[in-house]
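Asker: I'll drop the sequence and a predicted model, then ask my questions.
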Amino acid sequence: MTSWLLSLIAGPNSIFLLLGGAIIAFFAHGARQRAVGARKEREKQAAAEKRANDIHSEVQNDIGSLPGSKAREELGTWDR
């Protein structure tokens, strides 16, 4: 078994083995970077969604504490 591996590494096909390993490593690294980037993007979107939900809750609480006529007046002055 050892002599077979040594002949494979030291033989004339060793350059193909080296190039094949390099190509596999290149694509594996790219796939990992893509996965890391996707995870970071999901975390970023989750943080933005949390901030939006916090603002929504704050507005709902502020509007809920106002009397009906005052709330309609406040909401009528908001720009979209």
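Answerer: Ah, there it is.

Asker: Show me which helix runs longest in the chain.
Answerer: Assignment by DSSP state H gives helix 14-65 as the longest helix of the chain.

Asker: Any stretches of this structure with poor pLDDT?
Answerer: Residue ranges of the chain with pLDDT under 70: 1, 4, 8, 63, 78-80.

Asker: switch to 80 and redo it
Answerer: For the chain, residues meeting the criterion pLDDT under 80 lie at 1-15, 17-18, 60-80.

Asker: sorry, back to before: the longest helix of the chain packs against which elements?
Answerer: helix 2-10, helix 68-76 (3 or more CB pairs under 8 Å, 6 or more residues apart in numbering; DSSP states H and E). Every residue, glycine included, has its C-beta placed from N, CA and C.

Asker: would you turn these into JSON lines with mean neighbour count and distance to residue 47?
Answerer: Below are the helices and strands packed on helix 14-65 laid out as JSON lines (neighbours: other CB atoms under 10 Å; distance: least, CB to CB, whole Å):
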{"stretch": "helix 2-10", "mean neighbour count": "9", "distance to residue 47": "49"}
{"stretch": "helix 68-76", "mean neighbour count": "10", "distance to residue 47": "28"}
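
Asker: can you redo these as a markdown table with distance to residue 36?
Answerer: As requested, the helices and strands packed on helix 14-65 are exported to a markdown table (distance: least, CB to CB, whole Å):
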| stretch | distance to residue 36 |
| --- | --- |
| helix 2-10 | 32 |
| helix 68-76 | 43 |
